[in-house]
Structure formats: C-alpha cells, structure tokens
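# This is a predicted model, with the sequence first.
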Amino acid sequence: DRGADIAWLSQYPHEKEILFAPLSGLEVQSSRVDGSVLVLEMRLSINLASLTIEQVISKRRKVVQDMCEQLIERRHGQIQKDAPWQALCAATGK
C-alpha cells in the first residue's frame, strides 16, 4: 500500500514522492494538528468501478462511429429525396 518511490525522478527528492497505481485514491482516516503542521492519516483505496482509460477511449470511439454512420444514413436519405429535384433541374438545364 505504499506506492512506488519516485524520489530519484523528482526535482525535489527531499519530499519523498511516491506514485500510486491508476484508479487509486486516498481516504482520510483522521487528522490532527502537530505544532504548525496538519497531519492527515490516510488509507489507500482502489476504485474498481471506474473505467480504465482504454475502456473510456473504446466507448468514445463507438459513440463517434455510431454518429458517423447516422450522418451517412441521413445524408443518403436526403440525396434520395433530392432526386426528383435533381431530375427537374437537369431537364430544365439549371
């Protein structure tokens, strides 16, 4: 539950930075004031209900594909409706 130590990558290694896994969260368990410092006791939690970035991208791709298919179908319907108009224009030379 500690995460990966990335202090060696940090511009401020004295801050002891750590990296948690995706979908991780921190829940405050308790808090206290120690002198002029606010101390928070926390617990790591993982939100397994959240979608991964791959799932979000996949869902978005599906939405865009469906939208494009509907636009194509709508335009195809408009072209078919415009066929008599196009025939009239061709017959009159306009």
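Happy to help now that I have it. Note that the structure is a prediction, hence the values are computed from the model and not measured.
# Would you mark the buried spots in the helix or strand hosting Met67?
Assigned by DSSP states H and E, Met67 belongs to helix 53-92. Buried positions in helix 53-92, judged by neighbour count with 16 or more other CB atoms under 10 Å: none. Any C-beta I mention is one placed from the backbone N, CA and C, and that applies to glycine too.
# okay, now Val33: neighbour count?
8 (other CB atoms under 10 Å).
# can you pull the contacts of it?
Val39 (CB atoms under 8 Å, 6 or more residues apart in numbering).
# For it, name its beta-bridge partners.
When assigned by DSSP bridges, Val33 has beta-bridge partners Leu38.
# Spatially central residue in this protein, please.
Centroid check for the chain by CA atoms, centre = their mean gives Val56 as the closest residue, at 5.4 Å.
# Now do that one against Leu23, distance only.
For Val56, the distance to Leu23 equals 12 Å [CB to CB, to the nearest Å].
# List the contacts of Lys59.
Taking CB under 8 Å, 6+ apart, we find Lys59 in contact with Leu51.
# On the pLDDT front, check it for me.
At Lys59, the pLDDT value in this model is 93.
# Look up how far Thr52 lies from it.
Separation of Lys59 from Thr52 (CB to CB): 11 Å.
# ok, now Asp66?
According to CB to CB, Asp66 and Thr52 sit 21 Å apart.
# repeat for Val28
Plainly put, Val28 is 25 Å away from Thr52 if you go by CB to CB.
# Likewise for Glu17?
In terms of CB to CB, Glu17 sits 24 Å off from Thr52.
# now do Ser58
9 Å.
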